[in-house]
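[1] My questions concern the predicted model and sequence given below.
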Amino acid sequence: MTGGVRDRVTTDGVTLERVSEHAWWAQCEGYQTTAVVSGTAALLLDPLSGGRGPRIRDAVRSVLGADVTAVAYSHAHRDHAGDAAELVGTARGEVAVLATRDCAARLPRLRGTVAPTRLLDDGAVVDFHGIAVEACVVGGHTVDSTWFRLPEEGVLHLIDLVHPGQAEFDGFGMAPDLGDYRAALRRALEVDWQVLTAGHGLPGTRADVTLVLDYLADLEAAVAGVLDARPPQQFAGAASHNYGRIEARVAAVQEDVVAALTPRWGALPGFGEAAPSHVKRMFAHLVWFG
Ligand SMILES: [Zn+2]
């Protein structure tokens, strides 16, 4: 790291914020990646998409004096992975591409990705020019969701499960199963780290993970209570088709639960927009999946 580099700098729409000795939270247009910098080499945790990855690559080069020599996929979703081909294809030198076997198996379905050059076993620890990077398949967002943890830096790169500084995204990031989602969050709290780089939102802390678990507990209790108070029979005449009766019940539960949660959670940015989706997701979990 060169002397005189500021701890937070914005250039050409990219913000770099130092979160540990070698790790930088890098944000561009609502998306975030983590740049792990060792001397003049940088590992980008998630290539991102829509040109954000190359813009962050350029900012890392101009501000930190480091070239991206490796990228890693946290999970096979196009919005976090789609710029991989451009990052590799326009690089000055060779770029290593890292993914866990679970993630690599799902990558071919995505546009813009390139195949990993190094497959990681679950739990593997990679040495990036002297910096340890642990890859752990934790699920919760997608079945292949992998966290990258820098144990000596106290940084956890865990994507799309927590949105520090705001309410969780639609349906908890469209988590396929709230049981798996909650298990992934709890697992994150079982290991040592201090700073969360989460893909969206602000740099986070352990308290941000705890906050989501608290919110889930409040949400589950509120939805369970309202489900009892609003049984299916109440909506028997709401529509001719059963789907319509279910939707009428969901809408009523959403209204009651959002009102119940608002005193504690209403000030969280994005709550008003996202909370109905959280209720619907918990409704599905408790009635059909849980
Ligand atoms: Zn995702």
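    Here it is on my side, so go on. Numbering: from 1, shown residues only.

[2] Show me which residues of the protein sit near the ion.
    77, 160 (CB under 5 Å from the ion). From N, CA and C alone the C-beta is placed, and that goes for glycine too.

[3] For the ion, what is the nearest residue in the chain?
    Distances between the chain and the ion by CB to the ion are smallest at residue 77, namely 3.5 Å.

[4] burial of that residue, as a residue count?
    Residue 77 has 22 neighbours, counted by other CB atoms under 10 Å.

[5] what's the distance between it and residue 159?
    Here the criterion is CB to CB, to the nearest Å. By it, residue 77 lies 8 Å from residue 159.

[6] How about residue 185?
    13 Å.

[7] Looking at the two, which is more packed in?
    Counting neighbours by other CB under 10 Å for residue 185 and for residue 159 shows that residue 159 has the greater number, 27 against 21.

[8] For the more buried one, give me its contacts.
    Residue 159 makes contact with 46, 74, 75, 80, 141, 145, 147, 198, 199 under the criterion CB atoms under 8 Å, 6 or more residues apart in numbering.

[9] What subset of those residues is buried?
    Burial by neighbour count, judged by 16 or more other CB atoms under 10 Å, picks out 46, 74, 75, 80, 141, 145, 147, 198, 199 from the contacts of residue 159.

[10] Inside helices: which ones of those?
    Cross-referencing the buried ones among the contacts of residue 159 against helices under DSSP state H gives residue 80.

[11] Low-confidence stretches in the stretch 151-290 of the chain?
    Across the stretch 151-290 of the chain, nothing is flagged by pLDDT under 70.

[12] 90 - rerun?
    For the stretch 151-290 of the chain, applying pLDDT under 90 flags the ranges 289-290.

[13] circling back to that earlier point, please tabulate the buried ones among the contacts of residue 159 in TSV, including the columns distance to residue 266.
    Below are these laid out as TSV (distance: CB to CB, whole Å):
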residue	distance to residue 266
46	32
74	31
75	31
80	30
141	25
145	29
147	30
198	22
199	25
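
[14] from the buried ones among the contacts of residue 159, which is closest to residue 236?
    Lowest distance from residue 236 to the buried ones among the contacts of residue 159 (CB to CB) belongs to residue 141, with 36.9 Å.

[15] tell me the contacts of the closest one?
    Contact analysis of residue 141 by CB under 8 Å, 6+ apart lists 75, 159, 160, 161, 173, 175, 181, 184.

[16] what's the nearest residue to residue 30 once chain neighbours are set aside sitting at in phi/psi?
    The shortest distance from residue 30 to any residue other than its chain neighbours is 6.3 Å, reached at residue 200 (CB to CB, 6 or more residues apart in numbering). Note on residue 200: backbone dihedrals following degrees, to the nearest 10 are phi -150, psi 160.

[17] Residue 200 against residue 163, yeah?
    Yes: here residue 200 reaches residue 163: they are 5.3 Å apart, a contact under CB atoms under 8 Å.

[18] Look up the residues that both of the two are in contact with.
    residue 169.

[19] which one is residue 199 nearest to, not counting chain neighbours?
    Nearest residue to residue 199, sequence neighbours excluded (CB to CB, 6+ apart): residue 159, at 3.7 Å.

[20] Just the strands from the stretch 51-200 of the chain, written as ranges.
    Ranges of strands in the stretch 51-200 of the chain, per DSSP state E, counting those that start in this stretch, are 67-72, 96-100, 118-120, 125-128, 131-137, 146-150, 155-157, 195-197.

[21] Which of these sits closest to residue 290?
    strand 131-137 (22.9 Å).
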